[in-house]
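Asks: Okay, here's the prediction I keep looking at, along with the sequence it came from:
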Amino acid sequence: AWAVHKAHHILTVSEATRRDVIRLLNVPPEKVTTIHLAADPAFRPLPRPMVLETLNRYGLRPGYLLFVGTLEPRKNLPGLFTAYRRLLDRGVTDAPLVIVGGRGWLYEEVFTSMEDLRLTDRVRFLDTVPNADLPSLYNGASLFALPSFYEGFGLTALEAMACGVPVVVSNRGSLPEMVGEAGVQADPDDPEGIAEGMATVLCDPGLRQQLERLGKARATAFSWDRTARETLEVYRRVLAESGE
């Protein structure tokens, strides 16, 4: 809090985070500017042979469901597992759920939940993977899910959309802001709602194609050139106001 109030200006990566800074730290709104991040250009639709080469190294076939992120409570993996269990029980899908990400704080509940739901043979944990493999892993998925309780930005959802993968995300934090109408949103406290959102995407080819198209278009609205330009503009304005 001390650094926030001593700063000349504060940059946040989403409007959701900006509102939190203003509300929780009692910062004047004019002192906080939102500048969005962007997906790296490497995240894009890739040629099928390139995707298959990567998937083969991980023992995967195209069509799995995908989550990318640190294993920690705010990511709501138990909620995702509950939704996935319902999809399996209802015969909506038999595709595996692939989890990419390192172990964070209180990660143990992730594995406890998986075991309690009898998903040990259905969920694949890849841990952290080389950055060069991530675009292909996104490309090989039929759906990307991120039902987090809170995200400051939600970069992995943007990366998935840039690769042309339909996304099902939480309706909280920054995710509605990032995804807009280009993805399906669900209440992270409602596993049934998450399951319904995933089922809708998996069972409706027309919707899938629409989300693939909208997601790619949405992702192009975020660029590092724009991020750099807007950041430079804020620095120039703050320096001018301070007389430096």
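Replies: Yes, it's here. Keep in mind it's a predicted model, so treat the numbers as computed, not measured.
Asks: Tyr138: what's it in contact with?
Replies: Contact partners of Tyr138, counting by Cβ atoms under 8 Å, 6 or more residues apart in numbering, are Phe43, Leu66, Val68, Phe144, Glu159, Ala160, Cys163, Val165. Backbone N, C-alpha and C define where each C-beta goes, glycine included.
Asks: Remind me which helix or strand it belongs to.
Replies: Using DSSP states H and E, Tyr138 sits in helix 134-139.
Asks: Can you show me the CA trace of that helix as PDB?
Replies: Taking C-alpha atoms only, helix 134-139 is exported to PDB below (Å, rounded to 0.1, in the frame of the first residue of the first chain):
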ATOM      1  CA  LEU A 134       2.500 -24.500 -25.600                       C
ATOM      2  CA  PRO A 135       1.100 -23.200 -29.000                       C
ATOM      3  CA  SER A 136       0.900 -26.800 -30.300                       C
ATOM      4  CA  LEU A 137      -0.700 -28.000 -27.000                       C
ATOM      5  CA  TYR A 138      -3.400 -25.300 -27.400                       C
ATOM      6  CA  ASN A 139      -3.900 -26.100 -31.000                       C
END
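Asks: May I have the strands that pair with the helix or strand immediately after it in the chain, each with its orientation?
Replies: Sequence-wise, the next helix or strand downstream of helix 134-139 (DSSP H and E) is strand 141-146. Strand 141-146 has its sheet partners listed here by DSSP bridges as strand 64-68 (parallel), strand 167-170 (parallel).
Asks: still on that earlier bit, Throw the contacts of Tyr138 into CSV and include distance to Trp105, pLDDT and neighbour count, thanks.
Replies: Formatted as CSV, the contacts of Tyr138 follow (distance: Cβ to Cβ, whole Å; pLDDT from 0 to 100; neighbours: other Cβ atoms under 10 Å):
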residue, distance to Trp105, pLDDT, neighbour count
Phe43, 27, 98, 23
Leu66, 23, 99, 27
Val68, 18, 99, 23
Phe144, 23, 99, 24
Glu159, 23, 98, 23
Ala160, 24, 99, 31
Cys163, 29, 98, 27
Val165, 28, 98, 27
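Asks: okay, the strands paired with strand 141-146, which one's buried deepest?
Replies: strand 167-170 (a mean of 29; mean count of other Cβ atoms under 10 Å).
Asks: for that one, the distance to its chain's centre please.
Replies: 8 Å (Cα atoms, centre = their mean, to the nearest Å).
Asks: what's downstream of it, the next helix or strand?
Replies: Criterion used, DSSP H and E; the element after strand 167-170 is helix 175-179.
Asks: From the contact counts, what lies against that following helix?
Replies: When contacts are defined as 3 or more Cβ pairs under 8 Å, 6 or more residues apart in numbering; DSSP states H and E, helix 175-179 sits against helix 155-162, strand 167-170, strand 184-186.
Asks: With Arg229 as the reference, name the closest of those.
Replies: Proximity to Arg229, assessed across these by Cβ to Cβ, is greatest for helix 155-162 (18.4 Å).
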